[in-house]
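1. sequence and predicted model, in that order:
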Amino acid sequence: MDLPHRVRLTPLKMHYDERGWVSEIFRDEWGVTGPLCQWNVGFSQPNSLRGLHLHLKHEDYFTTVKGDAVIGLCDVRPKSPTYRKSALIELTDRQLAALTVPRGVLHAVYSPDASVHVYGADCYYDPSDDLACRWDDPALGIAWPCRDPILNERDRSAGTLAELEATLRRMDVAFD
């Protein structure tokens, strides 16, 4: 799979028996991200979309533990070798995998069915670190599997990719 630079998809081993399954979702020795200091769990209703969001300070480490999720990505780091590269990744509870999303990569989670997600971050949540872009802006080149998802007000009223990139230039943000 061709992903934006430094985005990493890590397959997770699931151990099954008659009771169900168990899986390690993170081990520091895997080296997939820096030290994680905050863990979150979220539930999404069917046909809901969270994002697109961009972090200036932190990386996310994300997995879906119940249901399916489609993660949309777009690299907006001007110096990245994959600048403006977009990708869609499916995460499912049938074959666990974890996704590492570095700062400077727009990301959104679409849940076609009810789903539960677990995600960690290498910095504590800070609202000023969370920028947004409209999920269906054609400039993103993301072929979402939905047309009219459930959105919160913030994501519904987010600006375009061009507006977000202008904000980043005004802020003089330099990504790794």
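-> Received the coordinates, thanks. Numbers count the residues shown, from 1 in each chain.

2. give me the below-cutoff pLDDT ranges for this structure.
-> Along the chain, the parts satisfying pLDDT under 70 run over 1.

3. residue boundaries of the strands in it?
-> 8-11, 14-17, 20-23, 38-44, 48-55, 60-66, 68-75, 86-92, 97-101, 105-111, 115-121, 130-132 (DSSP state E).

4. deepest of the ones you listed, which one?
-> Mean neighbour count (mean count of other C-beta atoms under 10 Å) peaks for strand 105-111 among those, with a mean of 25. Where you see a C-beta, it was placed from the backbone N, CA and C, and this is true even at glycine.

5. list the neighbouring strands of that strand plus their orientation.
-> Its sheet considered, strand 105-111 pairs with strand 48-55 (antiparallel), strand 68-75 (antiparallel) by DSSP bridges.

6. related to what we said a few turns ago, just put the strands of the chain in JSON lines and tack on distance to T167.
-> Shown next, in JSON lines, are those (distance: least, C-beta to C-beta, whole Å):
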{"stretch": "strand 8-11", "distance to T167": "27"}
{"stretch": "strand 14-17", "distance to T167": "41"}
{"stretch": "strand 20-23", "distance to T167": "38"}
{"stretch": "strand 38-44", "distance to T167": "25"}
{"stretch": "strand 48-55", "distance to T167": "10"}
{"stretch": "strand 60-66", "distance to T167": "20"}
{"stretch": "strand 68-75", "distance to T167": "15"}
{"stretch": "strand 86-92", "distance to T167": "19"}
{"stretch": "strand 97-101", "distance to T167": "19"}
{"stretch": "strand 105-111", "distance to T167": "13"}
{"stretch": "strand 115-121", "distance to T167": "21"}
{"stretch": "strand 130-132", "distance to T167": "7"}
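
7. which of these sits closest to A143?
-> Proximity to A143 (C-beta to C-beta) singles out strand 86-92 among the strands of the chain, at 6.6 Å.

8. residue nearest the centroid of the protein?
-> For the chain, the residue nearest the mean C-alpha position is H107 (4.0 Å; C-alpha atoms, centre = their mean).

9. who's in contact with that residue?
-> 51-54, 60, 71-73, 101 (C-beta atoms under 8 Å, 6 or more residues apart in numbering).
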